[in-house]
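# Show me the folded form of this:
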Amino acid sequence: MRGREVVVQAPVRQEAELFRRLLDALPYPIFWKGRDLRYLGCNAAFARVAGRAHPDEVVGLSDYELPWRKEDSDFYRACDRQVLESGVPLSDCEEPIRGGDGRPRWTQTSKVPLRDEHGALFGVLGILIDVTARREAQEQLQVALAAGDAANRLLKAQVAEREAMQRALATSEMRLRTAVRGAQLAIWALDAAGTFTFMDGGAFGALGLEPGFLAGQSIFEVFGEHPDIPEQVRRALAGESFTGYVSFPGFHYETRYTPVYDEAGTLTGAIGLALDVTERVHYHELLERELERTRAQLLQVERLATLGTLAAGVGHELRNISTVLNSLRTYFTECAQRGVPPEPAELEELGWACEHVATHGRHLMDLGRPGRAAPERVDLRELVSGTLAMLRTAGITKHLQVSSSAPDAPLWVETSRTRVEQVLLNLVSNAADAVEAVHGRPAEVRVRLFEDSAAGFACCRVEDTGVGMAPDTLASIFEPWFTTKPPGRGTGLGLPVVRTILQEYGGDLAVESQPGEGSAFTFRLPLALRPS
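The predicted model follows:
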């Protein structure tokens, strides 16, 4: 008689062991207590939080015998009693917890009452989600609650095992399958060869697959057209436990693989769990678009600030020329009244003034034109030459010694002319500011163009003989809003914007500096093919 019981119970215990492994594979800590508030059991994730090596070490303990603080234990038990007395689940309860590692954390805990097959309340089940770093997204909470509900039904079947083990396990399995199929998740088990031995979950239905349809088939053959899936399975069957991502048209899933070993330590397969994170992915895409829009606004703000400074200098030069023109007008009027021709030198000065008005007007129009982000083919030598002319016109480099050198051959790049102008304006203006406080040596800015043909880049190096930067300052110059200039002289956005512009067109920016010895900024842009 006893031998027959063993034969009958063996498959049941195998099913129980499979569901125990499924429960341990869940990344969320789960526990269940009796009416005396002592632990009836937990999964592996909760045991680790409690500082225990195995879930069995938690059975029979109270909260006061675990590494929680007394005030935290009092709060946990008060919440448990509320569920036991009301028979109503307690969802999204934030609880402090200090686990076996001693680190304080916050968890978002959901607790539900446990009832036997007669409806009698015999305990409480809880599932924890760590929200210390950030709050879990809404769909993750829903998945966690669905997993807790499935575990609740499984645990009710285990408690009723003393009276009718096989019937309780069958009922538990049916309810687990119902809950998993109703949720947007998938659970599956593989043997050591990658063959499905178990599969269920609503996520399979979204892919047009019926629960159990893949049992006995190889995952490498079924999903061979999705290279990410076979690669993840190989990692799991090599003994690695990890979290990954898989995408299908219109769906995105977060996957979790856990290898399975037998009592001898031999790897016998793997268990997989997939959560539907499509909404989360769409939210991240929306956030990226918003960040891109904000970045574009910052680019425009910095450009307007730079152009405003240059326009003010150009306006000052135009006022000086207007004084010359007014003087010449008076002189020419007097000549006309006397009936004598003007002096050649005065005519030459008039020509000089008209030429400079035209030049300055052209620069003002260049400064104010809308920036085009679309790349175009430009010679970096011509672009640097024009930018230095604008800076001289604006008076930014009027009192400095500015030198430039460039190769004889053009340096063709595919980029936005106005945005690279913004890069040059910023770097040369910063160099001009850096030499203002220099005493005892020439205030000089050197701009050197060269080609790095081996790497395929056109390079521009802007050097100054300024005050230089200390290492701590050098480490912060690319942080937004950081500036070494006095109030009203800088926004703190210049260098971050410059680096962003260069990266957008495949380039980069490097800096060298020593206190008292000046600084050098070198930017690179990919060389374009030479015109045929």
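
# where does the stretch 151-300 of the chain dip in pLDDT?
151-152, 154-155, 157-185, 201-213, 283, 287-288, 291-300 (pLDDT under 70).

# all strands for it, in order.
185-191, 196-200, 242-248, 251-261, 267-276 (DSSP state E, counting those that start in this stretch).

# can you put those in TSV and add distance to residue 415 and mean neighbour count?
Placement of C-beta: from N, CA and C, glycine included. What follows is the strands of the stretch 151-300 of the chain, written out as TSV (distance: least, C-beta to C-beta, whole Å; neighbours: other C-beta atoms under 10 Å):
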stretch	distance to residue 415	mean neighbour count
strand 185-191	47	22
strand 196-200	52	19
strand 242-248	33	14
strand 251-261	34	19
strand 267-276	42	21
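
# could you dump those strands to JSON lines with distance to residue 381?
JSON lines is the format used below for the strands of the stretch 151-300 of the chain (distance: least, C-beta to C-beta, whole Å):
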{"stretch": "strand 185-191", "distance to residue 381": "60"}
{"stretch": "strand 196-200", "distance to residue 381": "64"}
{"stretch": "strand 242-248", "distance to residue 381": "46"}
{"stretch": "strand 251-261", "distance to residue 381": "48"}
{"stretch": "strand 267-276", "distance to residue 381": "55"}
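
# who wins for proximity to residue 401 among those strands?
Minimum separation from residue 401 across the strands of the stretch 151-300 of the chain (C-beta to C-beta) falls at strand 242-248, 56.4 Å.

# need the contact list for residue 458.
By C-beta atoms under 8 Å, 6 or more residues apart in numbering, the contact set of residue 458 is 380, 411-413, 449, 451-452, 524-527.

# please redo it, this time with the cut-off set to 6 Å
380, 411, 413, 451, 525, 527 (C-beta atoms under 6 Å, 6 or more residues apart in numbering).

# quick revisit: out of the strands of the stretch 151-300 of the chain, which is closest to residue 456?
Here strand 242-248 is closest among those (C-beta to C-beta), at 33.1 Å.

# mind listing the helices in this structure by residue range?
Remark: helices assigned in the chain by DSSP state H are 2-25, 44-49, 70-86, 138-159, 161-182, 202-206, 219-222, 228-237, 278-338, 344-368, 380-394, 417-434, 471-474, 494-504.

# since we're on residue 431, how many residues are nearby?
27 (other C-beta atoms under 10 Å).

# ditto for residue 386
15.

# What of residue 282?
Neighbours of residue 282 (other C-beta under 10 Å): 11.

# Ok, residue 127 next?
26.

# Repeat that for residue 509.
Residue 509, neighbours per other C-beta under 10 Å, totals 18.

# Surely it touches residue 501?
No. At 9.2 Å, residue 509 does not count as touching residue 501 under the criterion of C-beta atoms under 6 Å.

# picking that back up, lowest average confidence across the helices of the chain, which one?
Among those, helix 161-182 has the lowest mean pLDDT, at a mean of 56.

# Let me see the mean pLDDT of stretch 400-409.
On average, stretch 400-409 scores 88.

# can you give me the end-to-end distance of that stretch?
Terminal residues of stretch 400-409 lie 28 Å apart, using C-alpha to C-alpha, to the nearest Å.

# ok, residues contacting it?
By C-beta under 6 Å, 6+ apart, stretch 400-409 touches 381, 432, 442-449.

# Could you measure from residue 266 over to residue 232?
21 Å (C-beta to C-beta, to the nearest Å).

# What sits closest to residue 232 if chain neighbours are left out?
residue 244 (5.1 Å; C-beta to C-beta, 6 or more residues apart in numbering).

# Just list whatever residues bridge to that neighbour.
Here residue 244 shows beta-bridge partners residue 255, assigned using DSSP bridges.

# Give me the neighbour count for residue 265.
Residue 265 has 6 nearby residues by other C-beta under 10 Å.

# which phi and psi does it have?
phi 90, psi 10 (degrees, to the nearest 10).

# Skipping its backbone neighbours, what lies nearest residue 87 in space?
Closest residue to residue 87 apart from its sequence neighbours, by C-beta to C-beta, 6+ apart: residue 113 at 5.1 Å.

# pretty sure that neighbour is touching residue 86, no?
No. In this structure, residue 113 is not within contact of residue 86 by C-beta under 6 Å, at 8.2 Å.

# So which of those two has more stuff around it?
residue 113 (19 against 11).

# The more buried one pairs with what?
Residues in beta-bridge contact with residue 113 (DSSP bridges): residue 124.

# OK, contacts around it?
Contacts of residue 113 (C-beta under 6 Å, 6+ apart): 83, 87, 121, 124.

# Try it again at 10 Å.
Each residue near residue 113 by C-beta atoms under 10 Å, 6 or more residues apart in numbering is listed here: 80, 83-90, 121-125, 152.

# just residue 247 next, same as before
Counting by C-beta under 10 Å, 6+ apart, residue 247 has contacts 226, 228, 253, 277-278, 281.

# which one of the residues you listed is nearest residue 73?
residue 277 (34.6 Å).
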